[in-house]
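[1] next comes the sequence, and after it the predicted model I'd like to discuss.
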Amino acid sequence: MLNIASKTIGYDIVATDGELGTVSDFLFDDASWKVRWLVVDTGNWLPGRKVLLPPMVLGHPNPDEKQFPVRMTKQQVKDSPDIDTERPVSRQMEADVYEYYGWSPYWGTGFYMGGYMPGYGFIEGARMQPAASEAPGRAQQITAARQEDGDPHLRSIKAVMGHHINATDGEIGHVEDFLMNDTDWNIHYLVVDTKNWWPGKKVLISPRSAQEIDWNEKLVHLDVTRHQVKESTPYDASKPLGRTYERRHAAE
């Protein structure tokens, strides 16, 4: 199911033994366009703290209740490493979280975010604890990560909202939102508001069309033309997206 990022921010995170906070942001990899982390604000429960949770621990969101179930206890989250979300999240921070939970990091050879197993795809209920034979490899990956300065591809969804979008022949608008799949946690589309160029229209752009992101200039460069964007069907958030719509109308 595709979820609108801006509407999912603010969902309650419900552990196996009670609520532990709300979703305050998503961090994604701008190379793979996969969501790597949820940033959770623990609110009055743990004042002043935010924690990182990987999508692999999440159940499917409940839009009626505006909740995410989490396969963890509140105590597990409480004892997790502190994360300074005011600074860019480094590989060292990620490594600390993975080491605490005993998981193989997504950049290694073990299980990936969302329960991904190389050669098999996404597996429902994939295990989170590595086998004994995986432990040495996981330890090496975490040690190597601590020697890196940071992860240059890890980006905040909230920070990218508002970035301008340039086609190959000129500007077309700005990033208004993201559509994410809650099964594989890939970002399937950028929702682009074209009001300054094509008044009153919004379109969907596949991340595969994003040729380059200039973080300093807050600009996304696409490898499609303005004409291609204009020929795509306008996006209406009030209507569900079927596969036919996706195949025929999303600009790529």
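    That came through, no problem. Numbers count the residues shown, from 1 in each chain.
[2] got the CA coordinates for stretch 163-180 in PDB?
    Taking Å, rounded to 0.1, in the frame of the first residue of the first chain, the C-alpha atoms of stretch 163-180 are listed here in PDB:
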ATOM      1  CA  HIS A 163      13.100  21.400  -3.000                       C
ATOM      2  CA  HIS A 164      12.700  22.800  -6.500                       C
ATOM      3  CA  ILE A 165      12.500  20.400  -9.400                       C
ATOM      4  CA  ASN A 166      14.300  21.000 -12.700                       C
ATOM      5  CA  ALA A 167      13.500  19.100 -15.900                       C
ATOM      6  CA  THR A 168      16.200  18.900 -18.600                       C
ATOM      7  CA  ASP A 169      14.800  22.100 -20.100                       C
ATOM      8  CA  GLY A 170      13.800  24.200 -17.200                       C
ATOM      9  CA  GLU A 171      12.100  24.300 -13.800                       C
ATOM     10  CA  ILE A 172       8.700  22.600 -13.300                       C
ATOM     11  CA  GLY A 173       7.900  23.000  -9.600                       C
ATOM     12  CA  HIS A 174       8.800  21.800  -6.200                       C
ATOM     13  CA  VAL A 175       8.600  18.600  -4.200                       C
ATOM     14  CA  GLU A 176       5.400  18.600  -2.100                       C
ATOM     15  CA  ASP A 177       5.300  15.100  -0.800                       C
ATOM     16  CA  PHE A 178       6.400  11.400  -1.200                       C
ATOM     17  CA  LEU A 179       4.500   8.200  -1.700                       C
ATOM     18  CA  MET A 180       6.000   5.300   0.100                       C
END
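[3] what's the burial count for P199?
    When neighbours are counted by other C-beta atoms under 10 Å, P199 registers 7. Every residue, glycine included, has its C-beta placed from N, CA and C.
[4] repeat that for W185.
    Using other C-beta under 10 Å, W185 is surrounded by 25 other residues.
[5] and the gap between V203 and W33?
    Per C-beta to C-beta, to the nearest Å, V203 is found 17 Å from W33.
[6] neighbour-wise, which of those two wins?
    Of the pair V203 and W33, V203 is the one with more neighbours under other C-beta under 10 Å, namely 25 against 21.
[7] and the protein, what are its domains?
    Domain assignment for the chain by automatic domain parsing gives 2-155, 161-249.
[8] quick check, pLDDT for H227.
    H227 is assigned 93 on the pLDDT scale.
[9] let the chain start at 824 from now.
    Got it, first residue is 824 now, which makes that one H1050.
[10] helices or strands up against whichever strand or helix holds it?
    Here H1050 is covered by helix 1049-1054, with elements defined by DSSP states H and E. The criterion is 3 or more C-beta pairs under 8 Å, 6 or more residues apart in numbering; DSSP states H and E, and the helices and strands that helix 1049-1054 contacts are strand 987-990, strand 993-1004.
[11] and the domains of the chain, which one is worst for confidence?
    For these, mean pLDDT drops lowest on domain 825-978, to a mean of 75.
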